[in-house]
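> Predicted model follows, preceded by the sequence.
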Amino acid sequence: ARSVTSLRATELKIQPLLAGILVMLALYPVNLMVMGGKANIPLMNATTVFQALDPVLGGSVLAPRAPLFIALIIILLIQVLFYLFLGTRLGLALRATGDNEYMVRASGIDSDLTKLIGLAISNGMVSVSGALIAQYQSYADVGMGIGMVVIGLASVIIGEVVFGIRTLYRRLTAVILGSILYRLIIAIALMLGLPATALRLVSAIIVTIALSTGVLGSHFKKLTKRITLVPSDDRGGQHCSRSHR
């Protein structure tokens, strides 16, 4: 899907956001065809990856936490593999394309190809995530991915702001921790008695705050500078008035 989006944006010169929207619209009937024409498929009796530790844990106390361990192992494995991949020449080209496409073109690298590869890899990760969610929830719904783009954006921004992005491994870790932090905020909102119908409002507020952290941070720095400068100016003015006398 992301490969088609990239081809539309790079070869057909369609605006990237519009190309993504068109592909999302085209994928709806494709997903229905894959699901046999059903909008919802139960997976209650299907064997899932979250049952892999059942023979090991058995009836122990950790058995109910087996899905958490499986998810943690998969996340760490993907993080390590992605970290190793981004350290290769192709991975460096992908990172450079995201930072400065014009510099990459000047270096003789086909930026259209790197975009295609990057979007294909990202779509593969999205597919793995969707498969894990469907197996964990024991059902697959054709509309369960709606709104995940906003959640993913908020998770990335929250992770980068809170945990920092100085190194590559720290950046990858920040993305994972940001998604966990986002879900914790939603869980806390539900624990405080917020109705489930208001979750979209909470998500919109979180995304707004995450997107405006740069502006809010600069305003906060300016405000702190003014607070620290005002007393010193007052003391200086008093000192000058005393010396004048």
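That came through, no problem. Residues are numbered from 1 along each chain as shown.
> How is Leu25 assigned, secondary-structure-wise?
helix (DSSP: H, G, I helix; E, B strand; the rest coil).
> ditto for Leu194
coil.
> need the contact list for it.
Contact criterion CB atoms under 8 Å, 6 or more residues apart in numbering gives Val202 as the residues in contact with Leu194. Using the backbone N, CA and C atoms, a C-beta is placed for each residue, glycine as well.
> where does it fall, phi/psi-wise?
As for Leu194, its main-chain torsions (degrees, to the nearest 10) stand at phi -70, psi 130.
> From the centroid of the chain, which residue is nearest?
When the chain is reduced to its mean C-alpha position, the closest residue under CA atoms, centre = their mean turns out to be Gly152, at 3.4 Å.
> got the contact list for that residue?
Applying CB under 8 Å, 6+ apart, the residues contacting Gly152 are Ser179.
> Now it: which helix or strand?
Element membership of Gly152 [criterion: DSSP states H and E] is helix 148-163.
> Moving C-terminal from that helix, which element do we reach first?
Downstream of helix 148-163, the first helix or strand assigned by DSSP H and E is helix 168-191.
> just the CA coordinates of that next one, formatted as CSV?
In CSV, the C-alpha atoms belonging to helix 168-191 read as follows (Å, rounded to 0.1, in the frame of the first residue of the first chain):
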residue,chain,number,x,y,z
LEU,A,168,19.5,6.7,16.9
TYR,A,169,18.9,4.0,19.5
ARG,A,170,17.4,6.6,21.9
ARG,A,171,15.2,7.8,19.2
LEU,A,172,13.8,4.4,18.5
THR,A,173,13.3,3.8,22.2
ALA,A,174,11.5,7.2,22.5
VAL,A,175,9.0,6.2,19.8
ILE,A,176,8.2,3.0,21.7
LEU,A,177,7.9,4.7,25.1
GLY,A,178,5.9,7.5,23.6
SER,A,179,3.2,5.1,22.4
ILE,A,180,3.1,3.5,25.8
LEU,A,181,2.9,6.9,27.5
TYR,A,182,0.0,7.9,25.1
ARG,A,183,-1.9,4.7,26.1
LEU,A,184,-1.3,5.4,29.7
ILE,A,185,-2.8,8.9,29.4
ILE,A,186,-5.9,7.4,27.8
ALA,A,187,-6.1,4.8,30.5
ILE,A,188,-5.8,7.4,33.2
ALA,A,189,-8.5,9.5,31.6
LEU,A,190,-10.8,6.4,31.7
MET,A,191,-9.9,5.7,35.3
